[in-house]
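*Asks:* structure for this input, please:
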Amino acid sequence: MDDQDSQAEGNPPSGTAPSSLSSRRKIGRRLAQGLYYIMIGAIGVAVVVQVSRQVFFAATPPEPARFASCDEGLRELVVAIERGRHVAEWSTADGGDTDEEVALSRYRTVVETAWRHRDAVAAMCTGERRAALDAVERLRYSEEHGVRSQAGELTALRARVRKLVGQSSDEP
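*Replies:* Take a look at the predicted model:
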């Protein structure tokens, strides 16, 4: 094949340097590839740092636990769940929130104060009491799910009941 045939096919003639466009493409590809690898590496490092912080440098609660036994700790956790549910349901003048995120945030804020000591309770509980702690944990997340799913529904129902019963909306 001679130079005219290769030029007709779009190839540079033999013995000439490749065009600057192709070298620019190579540089661009290498830069993009380098940025991609840097980004993947940064994500990997961030994940390792986060996991390491949670596993090896877990935060301790700022205040000491207010209980001395497994049973007292379990009761404290259950009471926190009940307080959280109550705060999420009755935190506004109309008896609830139509925004599930607001209700959920209120629930979590109240529950978290006692649940910071969950590991201390787990250390005190053995055998059957450990099973009780597992049940309390399931209750916590079930209540959280209930707060989330029922925030809008309960607000409408409460308003309807108040209207039917004739109760003022500023009373709990």
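
*Asks:* helices of this protein, start to end?
*Replies:* Using DSSP state H, the helices found in the chain span residues 3-8, 20-56, 70-89, 100-115, 118-124, 128-165.

*Asks:* just put these in JSON lines and tack on distance to residue 64.
*Replies:* Backbone N, C-alpha and C define where each C-beta goes, glycine included. Formatted as JSON lines, those follow (distance: least, Cβ to Cβ, whole Å):
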{"stretch": "helix 3-8", "distance to residue 64": "83"}
{"stretch": "helix 20-56", "distance to residue 64": "22"}
{"stretch": "helix 70-89", "distance to residue 64": "12"}
{"stretch": "helix 100-115", "distance to residue 64": "13"}
{"stretch": "helix 118-124", "distance to residue 64": "9"}
{"stretch": "helix 128-165", "distance to residue 64": "19"}
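
*Asks:* could the ones you listed go into TSV alongside mean neighbour count and mean pLDDT?
*Replies:* Shown next, in TSV, are the helices of the chain (neighbours: other Cβ atoms under 10 Å; pLDDT from 0 to 100):
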stretch	mean neighbour count	mean pLDDT
helix 3-8	11	54
helix 20-56	10	93
helix 70-89	18	88
helix 100-115	18	86
helix 118-124	17	87
helix 128-165	14	82
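
*Asks:* which one of those lies closest to residue 63?
*Replies:* Among these, helix 100-115 comes nearest to residue 63, with 8.7 Å by Cβ to Cβ.
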